[in-house]
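Asker: The sequence isn't on hand, but the structure is:
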């Protein structure tokens, strides 16, 4: 599945596609996904974006998606650069339900 995302996004870049937001909003090579946040509570509301609550499954899913998205093109360059959403700043064991972004250097 990641291979399809990478191929489609590279195709959009190649034709200089833009996002319909007014002005010049070209689609770039950085792909914001996959979302690998751990599903801790079904009330989260965006659970359909997540691989589930199993950390092992999330790791396998993320590996396969990123590997496919960054599959090399004919010149050996990655098709896109995957940006793992919510990898560091979320899924903390403390202060759940709060929007605090005081991420320590250790956590990064």
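Answerer: Now that the structure is in, tell me what you want to look at. From a predicted model like this one, the values you see are computed outputs, not experimental measurements. Numbering: from 1, shown residues only.

Asker: The nearest residue in space to residue 79 that is not next to it in sequence is in what secondary structure piece?
Answerer: Spatial nearest neighbour of residue 79, excluding adjacent residues (Cβ to Cβ, 6 or more residues apart in numbering): residue 6 at 3.8 Å. Using the backbone N, CA and C atoms, a C-beta is placed for each residue, glycine as well. For residue 6, the host element (DSSP states H and E) is helix 2-14.

Asker: how distant is that helix from the center of its chain?
Answerer: 14 Å (Cα atoms, centre = their mean, to the nearest Å).

Asker: Now that helix: buried residues?
Answerer: 2, 5-7, 9-10, 12 (16 or more other Cβ atoms under 10 Å).

Asker: The residue nearest the centre of the chain bridge partners, please.
Answerer: When Cα atoms, centre = their mean is applied to the chain, the residue found nearest the centroid is residue 33 (1.6 Å). Assessed by DSSP bridges, residue 33 has beta-bridge partners residue 83.

Asker: which residues does it contact?
Answerer: Residues in contact with residue 33 (Cβ atoms under 8 Å, 6 or more residues apart in numbering) are 5, 65, 69, 82-83, 85.

Asker: just the helices in the protein please.
Answerer: Using DSSP state H, the helices of the chain run over 2-14, 55-69.

Asker: now the ones you listed in JSON lines, with mean pLDDT?
Answerer: JSON lines is the format used below for these (pLDDT from 0 to 100):
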{"stretch": "helix 2-14", "mean pLDDT": "91"}
{"stretch": "helix 55-69", "mean pLDDT": "89"}
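
Asker: Now tabulate those in JSON lines and tack on distance to residue 48.
Answerer: Below are the helices of the chain laid out as JSON lines (distance: least, Cβ to Cβ, whole Å):
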{"stretch": "helix 2-14", "distance to residue 48": "16"}
{"stretch": "helix 55-69", "distance to residue 48": "14"}
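
Asker: Return the residues in contact with the residue lying closest to residue 67 once chain neighbours are set aside.
Answerer: Closest residue to residue 67 apart from its sequence neighbours, by Cβ to Cβ, 6+ apart: residue 2 at 6.4 Å. Counting by Cβ under 8 Å, 6+ apart, residue 2 touches 34, 64-71, 82.
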